[in-house]
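Peer 1: just a sequence and a predicted model for now, questions to come.
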Amino acid sequence: MKSVVLLVLACFWLTQAAAESSAVLTWSTDQDMETTYNKVYNHLENNRFYVVFEPDIQRNLSHFSERWGEDYNRNKLEGIRAMVFCNGWYANQVSNADPTMLALCPLHVTLVQEMGNTRVLFTRPTVIARDSKALGIVRELEQDVSKAINAAIDELRGCPATC
């Protein structure tokens, strides 16, 4: 019994470590795209991450459905949308530390709806900046974006604060 518990704990720890080292942060909700999109949008804006562009990727891809035939949307995704956003203060701080890291600006999240559920995907800027002098400020930036998305997802789940 003791070895089973240790095995389960080891697997949990490895899963957590793998999730934290992933290049993409992922949040999931049982809400539809529109509901999730609006919450994430509002939480980003309320945390001074201003959305500057909102591509509807699924709609754009759908124009190629006939041309791509059976290769079109094999995963039967119901929606793909993105938010491109920026915070001027962070952009300035990153440029002060390492102008090359302005390649991160603007940032974006992608939302994917599948079977009525929505995932929010965010490429971790710290993965890009791991060898940069800007890593400290980029780490703070990633944490602030994550905090805003966490708050949106918690609200969608009906949690008054972090669940």
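Peer 2: Now that the structure is in, tell me what you want to look at.
Peer 1: next secondary structure after the helix or strand bottoming out on mean pLDDT in the chain?
Peer 2: Ranked by mean pLDDT, DSSP states H and E, the weakest helix or strand in the chain is helix 2-21, scoring a mean of 42. Using DSSP states H and E, the helix or strand that follows helix 2-21 towards the C-terminus is strand 24-29.
Peer 1: what residues sit buried inside that following strand?
Peer 2: Buried positions in strand 24-29, judged by neighbour count with 16 or more other C-beta atoms under 10 Å: 25, 27, 29. All C-beta atoms are positioned from the backbone trio N, CA, C, and that covers glycine.
Peer 1: those residues into JSON lines, with extra columns for distance to residue 150 and pLDDT?
Peer 2: Conversion of these to JSON lines gives the following (distance: C-beta to C-beta, whole Å; pLDDT from 0 to 100):
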{"residue": "25", "distance to residue 150": "10", "pLDDT": "98"}
{"residue": "27", "distance to residue 150": "7", "pLDDT": "98"}
{"residue": "29", "distance to residue 150": "11", "pLDDT": "97"}
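Peer 1: thank you kindly, that will do.
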